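A.B. asks: Requesting a structural model of the entry that follows:
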Amino acid sequence: MFGRGRRPRSGSIYGFIVTWLFLSMFFPMYELGSILLGLGGGLLVAFLIGRAAGLRAARKEKEQRHEENRKAARKTVDTRVRNVGEQAAQKQKPVEKKSYGPQVDPIVEEGNKALSEMGRLYLSIKDPEIRSKINEIMRITDKIVQDAISDPTDIPKIKKFMNYYLPTTIKLLNAYDRMGSQGIEGENIDRSMKSISEMLDAAIAAYKKQLDSLFANQALDIETDIAVMNSMLDREGLSDKKDFVIREETQPQTAVSGGASR
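C.D. replies: Down below sits the predicted model:
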């Protein structure tokens, strides 16, 4: 009547009382049979009322849990959406680029664009030999761009490289990529692709010479520094060469001095 672990509900008690009073209108409640009938009927009605109340309470509790879970899920979704929105907003914020100066910045920007395009071509072209050459060209190009940052006096030389040699190389690589993607062999296609492959070898050699020439000023500065240091060491008597000269000059003088004493 009361359900498991539940307190007696007032509805069940009222049901029992009402049932007892109702039956007492038709049966004499001073007789044992009528009393048992009244008790049985009252208990049955009380049980049914309690059971119905328990089902309603369980359904209400289930609905409340469902609503709480729905709210929690919605809150989680809202949090994820907000986080995704914040991340998207962060990505959309313009990234402040480091400036190296009005002369260097255009070189760096063009170099990055060229490296990005060559990276795309590297992934698109499947020939391992051509990919190896592209990788070498990218490596040298990056070093040339970095030289513009470390030594802006080389920019006039680098501009010619950036304005002609590098764009032409990328243009030919794009042509190679287009012809290779046709999936067919032909005299013109094969000859052109072979010519481009040979051109890449020449370009790599030229790029290396270009990079080496950019260090001419530094090499001259290094030689000047070495000459000045050797001169100072000689003047201060700290170099092995100077010590040797002093010993060589001292020995003849001692011999002459000895002869004069005789």
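
A.B. asks: What's the mean pLDDT across the helix or strand hosting Lys62?
C.D. replies: Counting by DSSP states H and E, the element that carries Lys62 is helix 32-92. Throughout helix 32-92, pLDDT has a mean value of 67.

A.B. asks: So which other helices or strands are in contact with the helix or strand following it?
C.D. replies: Downstream of helix 32-92, the next assigned helix or strand under DSSP H and E is helix 104-124. Contacts defined by 3 or more Cβ pairs under 8 Å, 6 or more residues apart in numbering; DSSP states H and E place helix 104-124 against helix 128-150, helix 155-160, helix 166-180. C-beta coordinates here come from the backbone N, C-alpha and C atoms, glycine included.

A.B. asks: got the angle between helix 104-124 and helix 166-180?
C.D. replies: 20 degrees (axes from the mean of the first three to the mean of the last three Cα atoms, to 10 degrees).

A.B. asks: picking that back up, among the helices and strands packed on helix 104-124, which is nearest Lys113?
C.D. replies: Lys113 lies closest to helix 166-180 among the helices and strands packed on helix 104-124, at 9.4 Å (Cβ to Cβ).

A.B. asks: buried set for the helix or strand following that closest one?
C.D. replies: Using DSSP H and E, the helix or strand that follows helix 166-180 in sequence is helix 187-213. For helix 187-213, the neighbour count (16 or more other Cβ atoms under 10 Å) marks 193, 196, 199-200, 203-204, 207, 210-211 as buried.

A.B. asks: and the residues you listed as TSV, adding pLDDT?
C.D. replies: Supplementary listing: the buried residues of helix 187-213 in TSV, determined by pLDDT from 0 to 100:
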residue	pLDDT
Met193	91
Ile196	93
Met199	92
Leu200	93
Ala203	91
Ile204	92
Tyr207	90
Gln210	88
Leu211	87
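
A.B. asks: Pick out the most distant pair among those.
C.D. replies: Met193 and Leu211 (27.0 Å).

A.B. asks: ok, Ala148 - contacts?
C.D. replies: 104, 107-108, 111, 154-155, 158 (Cβ atoms under 8 Å, 6 or more residues apart in numbering).

A.B. asks: one more time with 6 Å
C.D. replies: 104, 107, 155, 158 (Cβ atoms under 6 Å, 6 or more residues apart in numbering).

A.B. asks: In terms of pLDDT, where does the third one sit?
C.D. replies: For Ile155, the model assigns a pLDDT of 87.

A.B. asks: Repeat that for the last one.
C.D. replies: As predicted, Ile158 sits at a pLDDT of 89.

A.B. asks: Over to the second one?
C.D. replies: Model confidence at Ile107, expressed as pLDDT, equals 90.

A.B. asks: State the distance from it to Gly183.
C.D. replies: Applying Cβ to Cβ, to the nearest Å, the value for Ile107 to Gly183 is 38 Å.

A.B. asks: sorry, back to before: closest to Arg235 out of the helices and strands packed on helix 104-124?
C.D. replies: With Cβ to Cβ as the measure, helix 128-150 is the member of the helices and strands packed on helix 104-124 nearest Arg235 (32.7 Å).
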